[in-house]
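the amino acid sequence is not available; the structure is as follows:
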């Protein structure tokens, strides 16, 4: 099953490689990984999307907690949460495709943030599956380049991950 | 406050931590630190002949005493040579601080001479590691290193210090206390869980206690012994846990696992309640986890590391906490509230298994390795510190030397590192100068760190080396005999050195023993006549003796092959 694991860790050199190294050393998979400092610059917030049986996810959580630089670990997918991913996608936009691309971007509430005579760059935010749907919804031959940030997540309501 | 160099601060930190010995090898990046070592006499430096041995010796100091081993190596190859030692300590959760030199900060990443990414290379085999980039961070980092290494589930910590940082100056103040928001190991177990466990134990009809290295690490032998006697249950100690409960006691069933006794393995398989304490259900202990899990029994698991719990085997009552503290709580409950459970019928069954006398062996013209260990046990009254290398001799030592006390059996359990025996003996002897220290080894293993005979000479260590020489890499040969139709691929060494001459070349006494009737005499010569010398006993043993019982890899614990069975 797919899980979104949120981690608060010390914002120190090498801390990220301790986390990613743990995943490769123990054979856990990483679908996406995002990381950036929080409002407290001594802390980084990391979101990992992974999958595995309940036993595997339990081990992942325990092993992450064992890392000295890790302060807190939460499996966001255990309860109500919000997940978002940002995608920048560069597409060919010529002839009739130009209008079609604009329409698709509107349907998905995307924004066109760069325009040339023959291309658009569309910015799109949403769950990972929404971004997947957009990619599937347009002609694959028109995609020139995509870049995705990976999933960031936060708990709904009173669920707060803080030191 | 006067200004000090980084190197001076490093040494002062070690002094503050009451470190007696540093095991190491000098080199370019640690020259400043070695210079400061030279200027003081509180910390003694033990010059090894290879960095791997420095870490093993420091590791043995931790294992055989309550101290903490410290190793000091230079950058690049010094650090990479130390990796095997670090990984060995990591697998057995041994507290250790390894200080490595690094190229100057402005050279890092430039492929400088003797540069390597020490923090990157050691990351997967340390509890934690640090690269210090400011002289003002040395004191706090050293404090953290010792704190992390010792507390929680212990382990090795590497501190990598660039050369320019050891030359830079700042004021020195060693932190009195430490608080880390990201590291707060649990000590006390959950009382509700402990009560649940005690209820299960008291209702048990076929209980077994299975304890491991965690009991030794948490100095909980006394509590374990008390609890076991209060309950009257059979107990088995893993390879790492030998000595935690007296092996000569009738409640002791011997070691479980791949080369465990029939009674220990059968009791593990047929019990209704299994109390696991500071043990981790590893593959050499429980065999096939699916076979193990297929047997209905309630499992209580006490461990300081939550990730050890339900990692390989689902447990029913997990208790996260320091073993000594949890056992104290259990004893309190058992002493005040509860009656004793009746386990007489279960004991009858266990005694039935014990009657198979699975460790009996027959003597012929050749010296049986088991016999050597038994005689060694007799002669030393079970009071020696025994280190071993890895292989058949290690298993025979574990099976036939009855360890009655903790921290007397020093071996590489998790990593299975050949070559540890002699450096372990060096570390153990320095930490316990008044104890006899024996290294039981094989003709393969001893050659992996043989150069340390020179270190032992330099420091006048009266170690007794018992080489069970069968002219084979015996354990691998045994597997080839059993599973590869006796195709002895690369397990015969036809150019084994003359160990007597070799010992003599290093300035020690070498004695060769070729007949069973000479074993006792040779041991007496080593332990009595040459009490104060290092004696190397090259004992030529039965060439194709095997370690039994044996559970083949991937099999269930009940599927033991016994001595005398057709292979």
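Cool, got the structure. Everything numeric in this text was worked out from a predicted model, so none of it was measured.

who does the closest residue to chain A within the stretch 1-150 of chain B bridge with?
Closest to chain A within the stretch 1-150 of chain B is residue B:128: 4.3 Å, counting by C-beta to the nearest C-beta. Heads up, the C-betas are built off the backbone N, CA and C, glycines and all. Beta bridges link residue B:128 to residue B:157, judged by DSSP bridges.

one more: residue B:468?
residue B:442, residue B:539.

if I read this right, it contacts residue B:538, doesn't it?
No. Counting by C-beta atoms under 8 Å, residue B:468 does not reach residue B:538; the two are 9.5 Å apart.

neighbour count for those two, which is higher?
residue B:468 (32 against 25; other C-beta atoms under 10 Å in any protein chain shown).

for the more buried one, list the residues it contacts.
Residue B:468 is in contact with B:369, B:372, B:392-393, B:396, B:440-442, B:539, B:541, counting by C-beta atoms under 8 Å, 6 or more residues apart in numbering or on different chains.

so who does the residue of the stretch 1-150 of chain B closest to chain A touch?
Residues in contact with residue B:128 (C-beta under 8 Å, 6+ apart) are A:68, B:145, B:148, B:155, B:157.

what's the answer for residue A:151, then?
Counted by C-beta under 8 Å, 6+ apart, residue A:151 has contacts A:4, A:32, A:34, A:47, A:49, A:83-85, A:127-128.

same question for residue B:289.
B:281, B:283, B:312-313.

what about 7 Å?
B:312-313 (C-beta atoms under 7 Å, 6 or more residues apart in numbering or on different chains).

same check, this time on residue B:76
B:114-116.

leaving out the residues flanking it, which one is nearest to it?
residue B:114 (3.3 Å; C-beta to C-beta, 6 or more residues apart in numbering or on different chains).

wait, isn't that neighbour in contact with residue B:75?
Yes. At 4.9 Å, residue B:114 counts as touching residue B:75 under the criterion of C-beta atoms under 7 Å.

more neighbours: which of these two?
Applying other C-beta under 10 Å to residue B:114 and residue B:75 shows that residue B:75 carries more neighbours, namely 27 against 16.

closest to residue B:516 among the contacts of residue B:128?
residue B:155 (43.2 Å; C-beta to C-beta).

ok, that closest one - how many residues close by?
Residue B:155, neighbours per other C-beta under 10 Å, totals 23.

Provide the backbone phi and psi angles at the closest residue to it other than its chain neighbours.
Of all residues not flanking residue B:155 in the chain, residue B:127 sits nearest, at 3.1 Å (C-beta to C-beta, 6+ apart). Dihedral angles of residue B:127 (phi, psi; degrees, to the nearest 10) stand at phi -70, psi -40.

try residue B:50
Residue torsions, per degrees, to the nearest 10, at residue B:50 are phi -160, psi 140.

I figured it hits residue B:81, correct?
Yes. Shown here, residue B:50 and residue B:81 form a contact pair, counting by C-beta under 7 Å, at 6.3 Å.

just to revisit the earlier point, of the contacts of residue B:128, closest to residue B:264?
Closest to residue B:264, out of all of the contacts of residue B:128 and judged by C-beta to C-beta, is residue B:155, at 27.7 Å.

any idea how far chain A is from that closest one?
Residue B:155 sits at a distance of 10 Å from chain A (criterion: C-beta to the nearest C-beta, to the nearest Å).

quick check: the residue nearest to residue B:76 vs residue B:103, distance?
In this structure, residue B:114 and residue B:103 are 7 Å apart, going by C-beta to C-beta, to the nearest Å.

need the overlap of contacts for those two.
What both residue B:114 and residue B:103 touch, as defined by C-beta under 7 Å, 6+ apart, is the set B:29, B:75.

tell me where chain A has helices.
Taking DSSP state H to define them, one finds helices in chain A at A:15-25, A:54-66, A:95-107, A:128-137.

wait, which of these is closest to residue B:353?
helix A:54-66 (32.3 Å).

near chain A, which residues of the stretch 201-350 of chain B show up?
Neighbours of chain A within the stretch 201-350 of chain B, by C-beta under 7 Å from any C-beta of the partner chain: B:306-307, B:310-311.

can you tell me which of those residues are buried?
B:306-307, B:310-311 (16 or more other C-beta atoms under 10 Å in any protein chain shown).

show me the residues you listed that map onto strands.
With strands taken from DSSP state E, there is no overlap with these.

from those residues, pick the one nearest chain A.
Of these, the one sitting nearest to chain A (C-beta to the nearest C-beta) turns out to be residue B:307, at 3.8 Å.

show the average pLDDT along the helix or strand hosting residue B:274.
Using DSSP states H and E, residue B:274 sits within strand B:273-277. Mean per-residue pLDDT for strand B:273-277: 98.

list the contacts for the most centrally placed residue in chain B?
Here the mean C-alpha position of chain B is nearest to the C-alpha of residue B:411 (C-alpha atoms, centre = their mean), at a distance of 4.1 Å. Residue B:411 sits next to B:387-388, B:394 when contact means C-beta under 7 Å, 6+ apart.
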